[in-house]
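A.B. asks: what follows is a predicted structure for the sequence shown.
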Amino acid sequence: MATIVATAWDLARQHGIGGLSLHGLAREIGMRQPSLYGYFESKHALYDAMFADGNRQLLARLVAVRLPDDPRAAVKAFMDAFVRFALEDQARCSLLFQRPIPGFEPSPESYALAEVVLERAVDVLRAAGLESQGDIDCFTAMIGGLVDAQLSNDPGGDRWIRHLDRLIDMHLDDAERRSTRR
């Protein structure tokens, strides 16, 4: 099954996540399309396996990051790893962080992996002083917007991501100012 998922990722990189076809996948791995149904009951089940695989890859990457003791530096290191992971594979980024497939929702088991990623990020953000859900939501939207701007306007470049540390500082500074006013 891992070989099928890896091949599906290769095809998604070539044709886009929405351009992945079971017929093309079966041909690529040397089997007939009906044989794929022995592994995946539907195309959405294949997407679900890919979603889980992508989140396992992301978790492995984030666990490998050595976070500095300084909370602000830890946020920067964590988010740098996250953003670089998102940008290195547009098909994977699309499946994990957007909703490109009409009708596809990850299974609870696969989505639980995405929730672990989010929990790790929230832990790092809370350690740096982001206490309110609104601050965390704004931070999440900021990072998502940065990734989208980079992919849309300068794929392969750094026009937008080079501002990552600056944006983190601005957001943390704003949250700190607002918390001291309360």
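C.D. replies: Cool, the structure landed. Numbering: from 1, shown residues only.

A.B. asks: only C-alpha atoms from now on, for both contacts and neighbour counts.
C.D. replies: OK.

A.B. asks: so for the nearest residue to residue 92 once chain neighbours are set aside, what's the pLDDT?
C.D. replies: Once flanking residues are discounted, residue 92 sits nearest to residue 54: 6.5 Å by CA to CA, 6 or more residues apart in numbering. Per-residue confidence (pLDDT) for residue 54: 98.

A.B. asks: one more: residue 87?
C.D. replies: Taking residue 87 on its own, its pLDDT is 97.

A.B. asks: am I right that it is in contact with residue 147?
C.D. replies: Yes: with contacts counted by CA atoms under 8 Å, residue 87 reaches residue 147, the gap being 6.9 Å.

A.B. asks: ok so, going back, what number of residues lie near the residue nearest to residue 92?
C.D. replies: Residues near residue 54, counting by other CA atoms under 10 Å, number 20.

A.B. asks: and residue 133, by the same measure?
C.D. replies: 11.

A.B. asks: now do it against residue 141, distance only.
C.D. replies: Going from residue 133 to residue 141 by CA to CA, to the nearest Å gives 12 Å.

A.B. asks: kindly report the same for residue 110.
C.D. replies: 22 Å.

A.B. asks: show me where the protein has its helices.
C.D. replies: 2-15, 22-29, 33-36, 43-64, 71-87, 90-97, 108-127, 133-153, 164-181 (DSSP state H).

A.B. asks: mean pLDDT for the ones you listed: which is lowest?
C.D. replies: helix 33-36 (a mean of 90).

A.B. asks: elements contacting that one?
C.D. replies: helix 22-29 (3 or more CA pairs under 8 Å, 6 or more residues apart in numbering; DSSP states H and E).

A.B. asks: just give me how far the helix it packs on sits from the chain centre.
C.D. replies: 26 Å (CA atoms, centre = their mean, to the nearest Å).

A.B. asks: in that helix, what counts as buried?
C.D. replies: 22, 25, 26 (16 or more other CA atoms under 10 Å).

A.B. asks: can you name the residues that contact the first one?
C.D. replies: Listed by CA atoms under 8 Å, 6 or more residues apart in numbering, the contact set of residue 22 reads 33, 36, 43.

A.B. asks: for the nearest residue to the second one once chain neighbours are set aside, give me its contacts.
C.D. replies: Take residue 36 and drop its neighbours on the chain: the residue closest to it by CA to CA, 6+ apart is residue 26, 6.7 Å away. When the contact criterion is CA under 8 Å, 6+ apart, the partners of residue 26 are 32, 33, 35, 36.
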